[in-house]
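Peer 1: Sharing a model prediction with you, sequence too.
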Amino acid sequence: EAGVVQSPRYKIIEKKQPVAFWCNPISGHNTLYWYLQNLGQGPELLIRYENEEAVDDSQLPKDRFSAERLKGVDSTLKIQPAELGDSAVYLCASSMSPGQGDSNEQFFGPGTRLTVL
Amino acid sequence: AQKVTQAQTEISVVEKEDVTLDCVYETRDTTYYLFWYKQPPSGELVFLIRRNSFDEQNEISGRYSWNFQKSTSSFNFTITASQVVDSAVYFCALSEESSGGGADGLTFGKGTHLIIQP
C-alpha cells in the first residue's frame, strides 16, 4: 500500500514568489493534515481537513497561506508571496476518520523542503 | 491548550548504553493520546508508539520501552543496548479528542537529538 505522497521534495524560490505543495494521502484516509517544521523544531499543525472541509485552520497564516482539498482526496498548500522566514519543511499527514477505523494514528509523508532566497 | 516538553535537546551516548528520553505533557482533556516518532536524517517521521490516556500499562517492543505515568504527566522512552542506527531526532507528541470524535492535530515537543557513538 502506498504511503502519503508529497511533491515536490525540494523547492528553491526567491522571496515574493508564489509556491505550491501537493499531497496525496493514503487511499481511503478522509482526514488530512498539513504541518510546518522549522529547523530544530517539532512539526506544527497548519490545517486539518475532514474530507473537503477545513475543520481546523486556526494556525494557518491566512494573509499569505491558503490550502484546498476540493474533492476530499489530494490537497494543495500555497504560499503567496513567500518570505525568507517561510523556509522550512512542509509535512502532510493523513489518518482515517472516526468510524472508518483507527482515527488516532497519523501517517506522514516525506515532506517538501522549501528554501526561500 | 496542550503542551509537550522535551527538556533534553541533545543526548550523546556510546553504543550499547541504555538511554532514556524524557517527555512531559500538559492537557486539560481527560481523553488524549500520546505518541513517539523517530525522525532519521532522511527526514521522514516514523511512528513508534501510541498510548491513550486510559491505558497506563508500560510497553516493551524489542529494545524499546515506554513508561507512561499520568501522576507526573510523563511519557518517557527508553532504548536498551543502543545502536548506531538509533541515532535520530525523537519527538514526543500529544493529541486530544476532537468534538466530532477522532483526533485533533498533533502537538509536538521540540525533539531530542540522540547521538549513538560507536
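Peer 2: Done, it's in. Residues are numbered from 1 along each chain as shown, chains lettered A, B, ... in the order given.

Peer 1: B:Ser73 against B:Cys23, yeah?
Peer 2: No - counting by C-beta atoms under 8 Å, B:Ser73 stays clear of B:Cys23, with 9.2 Å between them. No exception for glycine: its C-beta is placed from N, CA and C like everyone else's.

Peer 1: Looking at these two, which one has more neighbours?
Peer 2: The residue with more neighbours, out of B:Ser73 and B:Cys23, is B:Cys23; 27 against 17, by other C-beta atoms under 10 Å in any protein chain shown.

Peer 1: Show me which parts of stretch B:70-84 are buried, residue by residue.
Peer 2: Using 16 or more other C-beta atoms under 10 Å in any protein chain shown as the test for burial, stretch B:70-84 gives B:73-79, B:82.

Peer 1: and chain B, which residues reach chain A?
Peer 2: Applying C-beta under 8 Å from any C-beta of the partner chain, one finds that chain B approaches chain A through B:4, B:33, B:37, B:42-45, B:47, B:50, B:52, B:91, B:93, B:95, B:98, B:100-111.

Peer 1: one more time with 10 Å
Peer 2: Neighbours of chain A within chain B, by C-beta under 10 Å from any C-beta of the partner chain: B:4, B:6, B:9, B:32-33, B:35, B:37, B:39, B:42-47, B:50, B:52, B:89, B:91-93, B:95, B:97-111, B:113.

Peer 1: Give me the buried entries from these.
Peer 2: Buried among the residues of chain B next to chain A by 16+ other C-beta under 10 Å: B:4, B:6, B:32-33, B:35, B:37, B:39, B:44-45, B:50, B:89, B:91-93, B:95, B:97-98, B:102-111, B:113.

Peer 1: Could you look up the SS state of B:Ser42?
Peer 2: Assigned with DSSP: H, G, I helix; E, B strand; the rest coil, B:Ser42 falls in the coil class.

Peer 1: What is the lowest-mean-pLDDT helix or strand in chain B packed up against?
Peer 2: Every helix and strand in chain B was compared by mean pLDDT, DSSP states H and E; the lowest is strand B:59-61, with a mean of 87. Packing partners of strand B:59-61 (3 or more C-beta pairs under 10 Å, 6 or more residues apart in numbering or on different chains; DSSP states H and E): strand B:46-52, strand B:64-69.

Peer 1: Throw those strands into TSV and include mean pLDDT, thanks.
Peer 2: TSV is the format used below for the helices and strands packed on strand B:59-61 (pLDDT from 0 to 100):
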stretch	mean pLDDT
strand B:46-52	90
strand B:64-69	95
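
Peer 1: State the helix or strand in which residue 33 lies.
Peer 2: Just going to use chain A. strand A:31-37 (DSSP states H and E).

Peer 1: my bad, the chain I had in mind was chain B
Peer 2: With DSSP H and E as the criterion, the answer for B:Tyr33 is strand B:32-39.

Peer 1: Put the alpha carbons of that strand into CSV.
Peer 2: Provided in CSV are the C-alpha atoms of strand B:32-39 (Å, rounded to 0.1, in the frame of the first residue of the first chain):
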residue,chain,number,x,y,z
TYR,B,32,-5.9,12.2,24.9
TYR,B,33,-3.3,10.3,23.0
LEU,B,34,0.5,10.3,23.4
PHE,B,35,2.9,9.4,20.6
TRP,B,36,6.6,8.9,19.9
TYR,B,37,8.0,9.5,16.5
LYS,B,38,11.5,9.0,15.1
GLN,B,39,13.0,11.3,12.5
